[in-house]
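Participant: next comes the sequence, and after it the predicted model I'd like to discuss.
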Amino acid sequence: GSRPCSSVTFVDASGNRTDQTEAFQTGKELLLDQPGRLEVCPGTWFALVTVHAAVKVLGTSGDRTETLLSGGDAGSVLVVEGPSASLTVEGVVLERGAARGERNAASGGGLRCTDGASATLHDVVVRDNFAYDGGGLYAGSGCTLLVEDSILERNTSSDDGGALRLDDSVATLRNVVVRQSRAKDGGAVIAW
């Protein structure tokens with residue numbers, strides 16, 4: 001039989017593979033500034049990833065085992081920023097992100113998209129994240145966000161937008177369930 005999948009691999013545009021398993025076991029912050037795809041095996045991974053290029057994050061499911069990317073309450077799970085950054089996330093759970101710090105850094109516990117970047121979430125669960133603004137997801141300063149066939153649940157914001165906050169951005173939500181999210185204003189979604 002085949003070995004169970006137990007790694008995180010980045011495959012660049014030329015097909016070169018780089019093992020990123022250690023970064024996802026230790027919670028080391030990872031910057032992806034080259035186009036490619038991050039292939040994540042099932043299991044729970046400690047993820048603090050910043051994306052500055054065209055990157056796909058693909059979960060691999062098997063035997064009903066989920067691919068969980070956890071911020072470990074240490075920072076945002078995924079950050080995508082800059083006009084050349086586009087992030088596609090499929091088949092993963094983004095959980096326990098905690099956005100701390102000043103201004104934008106305190107936004108988007110599960111995912112923060114800013115500075116003209118774009119982010120697409122397909123078949124993603126965003127749960128149990130925290131931020132000052134946009135507990136689950138934050139889209140600001142020209143971000144284009146598409147969320148489809150996904151669930152946003154149990155996200156908390158101490159200010160605006162428990163599940164999602166939009167600032168000067170464009171968002172499309174298709175077949176998205178939002179539940180049990182809390183905030184001072186806009187428990188589910190707030191848009192400015």
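Facilitator: Nice, I can see it. Quick caveat: nothing in here was measured; it's all calculated off a predicted structure.
Participant: how many residues are close by the closest residue to Gly71 other than its chain neighbours?
Facilitator: Once flanking residues are discounted, Gly71 sits nearest to Gly97: 3.4 Å by CB to CB, 6 or more residues apart in numbering. Yep, even glycine has a C-beta here, placed from its N, CA and C like the rest. Applying other CB atoms under 10 Å, we find 33 residues neighbouring Gly97.
Participant: then Ala54?
Facilitator: For Ala54, the number of neighbouring residues by other CB under 10 Å comes to 17.
Participant: can you tell me, leaving aside adjacent residues, what's nearest to it?
Facilitator: Nearest residue to Ala54 in three dimensions, chain neighbours excluded: Pro35, at 4.3 Å (CB to CB, 6+ apart).
Participant: ok, the residue nearest to Gly71 - contacts?
Facilitator: 70-71, 73, 75-78, 108-111, 129-131 (CB atoms under 8 Å, 6 or more residues apart in numbering).
Participant: those residues, buried ones only, as a PyMOL selection?
Facilitator: Command for PyMOL, covering only those of these found buried under the criterion 16 or more other CB atoms under 10 Å:
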select buried, resi 70+71+75+76+77+78+108+109+110+111+129+130+131
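Participant: show me which of the contacts of Gly97 is closest to Leu145.
Facilitator: Closest to Leu145 out of the contacts of Gly97 is Leu111 (8.5 Å), distances taken as CB to CB.
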